[in-house]
Every structure is written in C-alpha cells, then in structure tokens.
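[1] The following block contains a protein sequence and its predicted model.
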Amino acid sequence: MAKSADKVAAKAARKAKKASQPKVSPIKSLQIYLQNNTGKKLAKKVVIAIILYLVLFDLAFVFIYPFLTMISDAFKTDSDLINSTVKWIPTQLYFTNFKVAFSELNYLKFLKNSVLEALIATVGHTLVCSFVGYGFARYNFKGKGVLFMGVILSMLVPVQVLVIPLYITFSNWHWLNSWLPLLVPCFFGFGLRGGFYVFLFRQFFMSLPWEMEEAARIDGCGPIKTFLKIMLPMSRSSVLVAVVLSVVWHWNDYFEPNIYLSLSPGLQLLPSKLPGMYEQLAQVAGEADEVAGGASIVINQANCMAATFLVILPLLIAYMFVQKQFMEGVERSGLTGM
C-alpha cells in the first residue's frame, strides 16, 4: 500500500510540474530541438565529409600517380633520370623523347590500324548487342530467362580461358594473321564485352514506355523497322556509353592481337608495339651499359614513357569531347542505380 501511495504521489507531482510549465507551440519546440542539436549534427557531417574526401583522395591518387609519373618522366632529359634529386618537375621540357618514340612506334601507320580496328569492332558490338538487348527487354519467348542467364554468365568468363579452343578454331578456318579473329566475333556479341552491352541496352529499353512502339506498330512498322527508326535513336545515351567503352577496350587490347597477329607485324595495333620498342631500347641500353657502367639503363625510360603517352593520347583527346555526354549516358542507362 505504501508503494502504491508513493507511485500516486510521484505521478501527481509530475502532472503538477508539467501543468506549471508554460505551453510551447509545436513550431517553437522544433526550433528549440534544432538549436540544441544543430551543433552535434554539423560536427558529425563535417567528420563524415572529411573521412569521405580522404578516402576518395587516396583512391584517386592510386589511379593518378602512374599517369603523373608517365608524364613527368616523358619530358625528362638523360641527366634528370640519373639525378635522384629530380623527382617530378624536369629541369627542362625535353621533346626529343617524343620524337624518338614517334619514330620507333611508326606512329601514323599503326595509329591508322588501331583506329580502323576499334571503329569496326565497335560498330559490330553496338548494333548487335543493342538489337539483342531490345529483344530481351520487349519480347517474351521460351527459354528467355535461361538465355539471358547465359549472357550474364558470359561476362564472368575471360577470353584467356577460351584462347586455346579459339586459336585452334581460327587456325582451322585460316583466319590467323588477319583481323578476322578480332572483328567477326564482335558482330555476334561475343565475350565479356558483348554480355555487358546486352545487359546495358536491356536495362535502358526496359525503362522506356511502350506508347512509342505501339504507335509505330499502328502506323505499320514491323519489329526491325520499329527498332531501327524509333528505339535505336531514342537510345543515343546508351549507344554513346557502349561506343566509348568498346573503343577503349579494343584500343587497349594487347592480349588478342599478339595471339592472332604474331606473324603479321604490318597488321599489329599501336599498343602491341610498346613491348617491342621497350625490348629494342633495352637492348641498346644493355650495349651502352657495358661502356657507361650501368647508368644508361634508366635513360631509355623516358622514351618508353613518351611512347606510352602517345599511345593513350588519342583516347584522352576523344574523351575530352564526349565526357559530358558519356556521364549523362551512364546515368540514363541505369548503371548508376544498380
């Protein structure tokens, strides 16, 4: 009984205390709450922002550091490379490295090869994969789920795993030492890249409304005409993403051209010339090393860095013109929401 009386008294005291306090409007209560918690929230946001920017800076530095090293070394003189006190900024801009690299790479000839091969392969990949992605997005047929699962699984299989059976097949077809092994599979959406492009276009076409296609069918357009006249022009953003990624992938492909074009040096692509140039310069450095006592080995590093910069320069220039459209295409294609 005593405990019950104490509880009743305590409850009555709380009610009296609450009644004695002035009433505060909801807006005033919100203002008081924000005033009391603004400092804590602001400090929390600042700490989170600092941590986030530090992580992003570290990640960016990991990717940017090799690029900065390449540019720095490409402009260094022989004495700068030997001098341990010269780290980033050369004592002078030494353009002779680029002249040597331009000559050793036979730049214009193999630049033409790379541009032509990358463009043809990109056209094949983009057209075929957009058409297949449209079919997966808009049509229902038996085995659709199984086939699409096969497309997704193809993204997990690197070409290095299939290189032996592919090499034997292309050899039997007498395709080796030509561009056929590099170009023909692109027109069938082959490999990791093809699977990714099919997935990319499927995601985009699934986000489009059906009204445009229904109107086209009413006007007498068949499936292929509807795709070519209506859907493909509407997918410009996804097409641009696929084109940029395809050009970069084909341009940087070093493995397959060296496998299939080993006996056709005139058909080699620009990146494939870098190892040969490095070996040639290393051989020259090795011969000079016997005279110079070891210091000349690092001299050729500047030529190799200049050659590497010349190889990636066309991609950098192209990306400068399509950067904005590429980022918009990535956002509209649905990749950022995955």
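    Great, that's in hand.

[2] separation between residue 303 and residue 319?
    Here residue 303 is placed at a distance of 25 Å from residue 319 (C-beta to C-beta, to the nearest Å). Every C-beta, even on glycine, is put in place using the N, C-alpha and C of the backbone.

[3] So for those two, which residue has more residues nearby?
    residue 303 (24 against 13; other C-beta atoms under 10 Å).

[4] residue contacts, that one?
    97, 100-101, 104, 277, 281 (C-beta atoms under 8 Å, 6 or more residues apart in numbering).

[5] what ranges of the stretch 1-150 of the chain fall below the confidence cut-off?
    1-43, 86 (pLDDT under 70).

[6] rewinding a little: of the contacts of residue 303, which pair is most distant in space?
    97 and 277 (12.1 Å; C-beta to C-beta).

[7] quick one, which of these two is more surrounded?
    residue 97 (25 against 20).

[8] I'd say residue 124 and residue 179 touch.
    No: counting by C-beta atoms under 8 Å, residue 124 sits too far from residue 179 to count as a contact (11.8 Å).

[9] Run a quick neighbour tally on residue 94.
    The burial count for residue 94: 19, using other C-beta under 10 Å.

[10] Which residue is the nearest non-sequential neighbour of it?
    In space, and not counting its chain neighbours, residue 94 is closest to residue 77: 4.5 Å by C-beta to C-beta, 6 or more residues apart in numbering.

[11] What residues does that neighbour make contact with?
    Here residue 77 is in contact with 90-92, 94, 302 (C-beta under 8 Å, 6+ apart).

[12] Then residue 114?
    Counted by C-beta under 8 Å, 6+ apart, residue 114 has contacts 251, 269-271, 314.

[13] after the host helix or strand of it comes which helix or strand?
    Secondary structure assignment for residue 114, by DSSP states H and E: helix 107-138. For helix 107-138, the following helix or strand on the C-terminal side (DSSP H and E) is helix 144-154.

[14] what's the angle from that following helix to helix 107-138?
    150 degrees (axes from the mean of the first three to the mean of the last three C-alpha atoms, to 10 degrees).

[15] Give the buried residues for helix 144-154.
    Residues of helix 144-154 classed as buried: 148, 151, 154 (neighbour count, 16 or more other C-beta atoms under 10 Å).

[16] before we move on, what about stretch 222-241?
    Those would be 223, 226-227, 230-232, 235, 237-241, for stretch 222-241 by 16+ other C-beta under 10 Å.

[17] Likewise for stretch 196-213?
    196-205, 208, 213.

[18] Off-centre distance for it?
    Offset of stretch 196-213 from its chain centre (C-alpha atoms, centre = their mean, to the nearest Å): 21 Å.

[19] could I have it exported to CSV, CA atoms only?
    In CSV, the C-alpha atoms belonging to stretch 196-213 read as follows (Å, rounded to 0.1, in the frame of the first residue of the first chain):
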residue,chain,number,x,y,z
PHE,A,196,27.8,-6.3,-70.7
TYR,A,197,26.5,-4.4,-73.7
VAL,A,198,23.4,-6.6,-74.0
PHE,A,199,22.8,-6.0,-70.3
LEU,A,200,23.3,-2.3,-70.7
PHE,A,201,20.8,-2.0,-73.6
ARG,A,202,18.3,-4.3,-71.9
GLN,A,203,18.2,-2.1,-68.8
PHE,A,204,17.7,1.0,-70.9
PHE,A,205,15.0,-0.4,-73.1
MET,A,206,13.1,-1.7,-70.1
SER,A,207,12.9,1.8,-68.7
LEU,A,208,11.2,3.2,-71.9
PRO,A,209,7.4,3.4,-72.2
TRP,A,210,5.5,1.3,-74.7
GLU,A,211,3.5,4.1,-76.3
MET,A,212,6.1,4.9,-79.0
GLU,A,213,6.3,1.3,-80.1
